[in-house]
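Trainee: prediction below, plus the sequence it came from.
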Amino acid sequence: MGVKMLSVKLPDDVAARLKRESERSRRSRSELVRQALQEMFGAGSAGGRASLADVLSDLEGTVEGPADLSSNPGHLAGFGR
C-alpha cells in the first residue's frame with residue numbers, strides 16, 4: 001500500500017478542534033484525518049460511501065422488536081390510516 005502526503009488548509013476553528021481531539025485521544029492529527037476520510041468514503045466500499053447500515057452498525061441489536069418487522073406485512077396492517 002502506497003502512502004501519499006497531502007497538505008490541507010483548515011479554518012482556525014476546525015484546526016483547534018482537531019488539535020484538542022488529538023490531545024484528548026492521544027492520536028496524531030494525521031491519524032484522525034485519515035480515519036475521518038476513511039469513514040466518509042466507506043473504507044473501501046464499492047460505492048465510495050458508507051451505507052446507513054455501516055454508519056449505524058454500532059447500534060445493531062440495541063432495539064427490541066419483531067425479527068421480521070421489515071418482511072412481514074402483518075406488522076403494517078392499518079399503518080397510515
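Mentor: Arrived safely.

Trainee: only C-alpha atoms for contact and neighbour calcs from this point on.
Mentor: Noted.

Trainee: quick one, helices of this protein?
Mentor: Applying DSSP state H to the chain gives helices spanning 12-25, 29-41, 52-55.

Trainee: ok, the residue most central in space within the chain to residue 68 distance?
Mentor: Residue closest to the average C-alpha location in the chain (Cα atoms, centre = their mean): residue 55, at 4.1 Å. Between residue 55 and residue 68 the computed distance is 22 Å (Cα to Cα, to the nearest Å).

Trainee: now swap in residue 8 and tell me
Mentor: 47 Å.

Trainee: same check on residue 78?
Mentor: 17 Å.

Trainee: for these two, work out which one has more neighbours and name it.
Mentor: residue 68 (10 against 7; other Cα atoms under 10 Å).

Trainee: contact partners for that one?
Mentor: By Cα atoms under 8 Å, 6 or more residues apart in numbering, residue 68 lies in contact with nothing.

Trainee: phi first, then psi, for it.
Mentor: Dihedral angles of residue 68 (phi, psi; degrees, to the nearest 10) stand at phi -100, psi 30.

Trainee: then residue 11?
Mentor: According to degrees, to the nearest 10, residue 11 has phi -60, psi 150.

Trainee: count of neighbours near it?
Mentor: There are 7 residues near residue 11, going by other Cα under 10 Å.

Trainee: what of the one 4 residues further on?
Mentor: As a burial measure, the neighbour count of residue 15 was computed by other Cα under 10 Å and equals 13.
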